[in-house]
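Sequence isn't available, so here's the structure alone:
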């Protein structure tokens, strides 16, 4: 009996122990499950997002070439701790093939520095796409291994990362159209490098050119980490900056620039500048300087060339203003073209000032004062204008106001005050272009009056904007104010044609075309004194049956000759010949 009770008691103890172990195991299981549930874990997020920076708009020529454009730059980053030592050489070799970077250079970088290493800062967009594909393949080939953080105990894996680092402005045609298009500088923002306009078109249209909206996509991710695009995902498209389309074609601009380079050397000038405007449409089809620069490699010697002399070089224009003075007199009925003017045999005194002519005349007609560029003749005729009329007339012709809305930092120049122009000496000197200041584009705008029935047009360098849908956004055209009567403009135009056929502009004559213009030579002022150096100019037009172009040329400080007929006129003639050769003008020649 006792043995039976003992066996029963032992059996009960075993059952109790077994039950206790089961309960303890279950409680332990519950504890582990609870701890696992509550413990923070590095689970991959179910959601992900991708972003991409929008880029700056381009500057495009009239014939569709990208003169300035933006490319994205990327940097390639790798953490050397995660590269499998056995596959290190494989990584180096593949990265070298995909990036084009020498394998020795890559090996040197990852050997010299441990941890996070930037393999390249300047990877272009196309190469970046290939490297992103390589990053995926390297993970698939297990080139990268997981590592455990000894402090947190967490494991992680970092592969090759291709990250947008900034943008670069590219100028595929080098110096072409500088300084008109200007140049940018770099701006850092949260580790990303942007470009921002400093001068020229780049500066003037900064707001239009800059990117409008970056791309952003976010939503649930698949096993490879890519966004699942469905109704629950969100996408914001990239909107790049507007493209700026110019009225200037590359082919014509290139030829004119090369010609100015040649003429600068031939005339031993500091700079030669020129511009051509379609008088009917106001489109500037070329605006060029012999002094240009590489926008991405500006040297100290380039500093004087960074300014656009067409609008930023303001000077006393000399005898080209005689045409304006004569037009004001003619429009107000104060002179008849056939009136006789005393040439005083080349020497005439007003007050204490002695006015001279290069060529001596006894008597000449009023229109021949322009044709033969007589300072004495125009000085006497100008006395018929009141100070008010003279001042207002110069303002009406656009002097002392900016010539074009498409460029920045224009020097508007100046005209004498009304009271100054009541003085006979001021009136005389201003009549032939001294005592006032103007720039090339102001002169072209003023001379458009004679080639446009008395109406003045505003030069347009920019034709339109192009948005990211490739839609063209036209820029509103400026009004054309009637400056002088149509009959006056027509008469002055005939006098300018006579100047080319018989007077100081004969070297501009081109058979089969209607060519007219006026020469101008003026002393240069330094430290408030006139020095023995000159600027020369020729302003005029060249027309065929269907086209009318207003053209201006300025030669700054030529050493070969001080006369416009020997310097600025040949430059003008070369431009007309180029317009003919490029098909912009068609001479009417009977063969």
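That came through, no problem. No experiment lies behind these values; they were computed from the predicted model shown.

can you map out the helices along the stretch 401-550 of the chain?
In the stretch 401-550 of the chain, the helices defined using DSSP state H, counting those that start in this stretch lie at 418-421, 424-431, 440-447, 486-502.

Nearest to residue 288, out of those?
Among the helices of the stretch 401-550 of the chain, helix 440-447 comes nearest to residue 288, with 10.6 Å by Cβ to Cβ. Where you see a C-beta, it was placed from the backbone N, CA and C, and this is true even at glycine.

From the chain's centroid, how far away is the closest one?
22 Å (Cα atoms, centre = their mean, to the nearest Å).

which strands and helices sit next to it?
strand 271-278, helix 309-312, strand 529-543, strand 548-556 (3 or more Cβ pairs under 8 Å, 6 or more residues apart in numbering; DSSP states H and E).

what's the angle from that helix to strand 529-543?
Going by axes from the mean of the first three to the mean of the last three Cα atoms, to 10 degrees, helix 440-447 is angled at 50 degrees with respect to strand 529-543.

mind listing what's buried in helix 440-447?
440-447 (16 or more other Cβ atoms under 10 Å).

circling back: please convert the helices and strands packed on helix 440-447 to CSV, extending it with mean pLDDT and mean neighbour count.
Formatted as CSV, these follow (pLDDT from 0 to 100; neighbours: other Cβ atoms under 10 Å):
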stretch, mean pLDDT, mean neighbour count
strand 271-278, 98, 26
helix 309-312, 96, 24
strand 529-543, 94, 22
strand 548-556, 98, 27
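
Can you add distance to residue 14 and give those back as JSON lines?
JSON lines is the format used below for the helices and strands packed on helix 440-447 (distance: least, Cβ to Cβ, whole Å):
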{"stretch": "strand 271-278", "distance to residue 14": "111"}
{"stretch": "helix 309-312", "distance to residue 14": "106"}
{"stretch": "strand 529-543", "distance to residue 14": "119"}
{"stretch": "strand 548-556", "distance to residue 14": "115"}
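
wait, which of the buried residues of helix 440-447 is closest to residue 564?
For the buried residues of helix 440-447, the nearest to residue 564 is residue 443 (12.7 Å; Cβ to Cβ).

Quick one: mean pLDDT for the helix or strand hosting residue 67?
Here residue 67 sits within strand 66-79, counting by DSSP states H and E. Averaged across strand 66-79, pLDDT comes to 92.

rewinding a little: include distance to residue 106 and mean pLDDT when you put the helices of the stretch 401-550 of the chain into CSV, please.
Output for the helices of the stretch 401-550 of the chain, formatted as CSV (distance: least, Cβ to Cβ, whole Å; pLDDT from 0 to 100):
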stretch, distance to residue 106, mean pLDDT
helix 418-421, 73, 96
helix 424-431, 70, 96
helix 440-447, 53, 98
helix 486-502, 67, 98
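
Dump the ones you listed to JSON lines, plus distance to residue 189.
Formatted as JSON lines, the helices of the stretch 401-550 of the chain follow (distance: least, Cβ to Cβ, whole Å):
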{"stretch": "helix 418-421", "distance to residue 189": "51"}
{"stretch": "helix 424-431", "distance to residue 189": "51"}
{"stretch": "helix 440-447", "distance to residue 189": "35"}
{"stretch": "helix 486-502", "distance to residue 189": "53"}
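
Residue 351: which of those is closest?
Nearest to residue 351, of the helices of the stretch 401-550 of the chain and by Cβ to Cβ, is helix 424-431 at 5.2 Å.

shaky segments in the stretch 351-500 of the chain?
The stretch 351-500 of the chain contains no residues with pLDDT under 70.

any idea how far residue 27 is from residue 447?
Counting by Cβ to Cβ, to the nearest Å, the separation of residue 27 from residue 447 is 102 Å.

brain fart, residue 287
Residue 287 is 15 Å from residue 447, by Cβ to Cβ.

what's the answer for residue 297, then?
Between residue 297 and residue 447 the computed distance is 37 Å (Cβ to Cβ).

sorry, back to before: which one of the helices and strands packed on helix 440-447 lies nearest to residue 189?
helix 309-312 (30.1 Å).

Next, the contact list for the residue nearest the centre of the chain, please.
When Cα atoms, centre = their mean is applied to the chain, the residue found nearest the centroid is residue 181 (2.5 Å). Residue 181 is in contact with 59, 67-68, 171, 200-202, 295, counting by Cβ atoms under 8 Å, 6 or more residues apart in numbering.

nearest to residue 383, of those residues?
Closest to residue 383, out of all of the contacts of residue 181 and judged by Cβ to Cβ, is residue 200, at 42.8 Å.

For that closest one, which non-adjacent residue is closest in space?
Excluding the flanking residues, the one nearest residue 200 by Cβ to Cβ, 6 or more residues apart in numbering is residue 182, at 2.3 Å.
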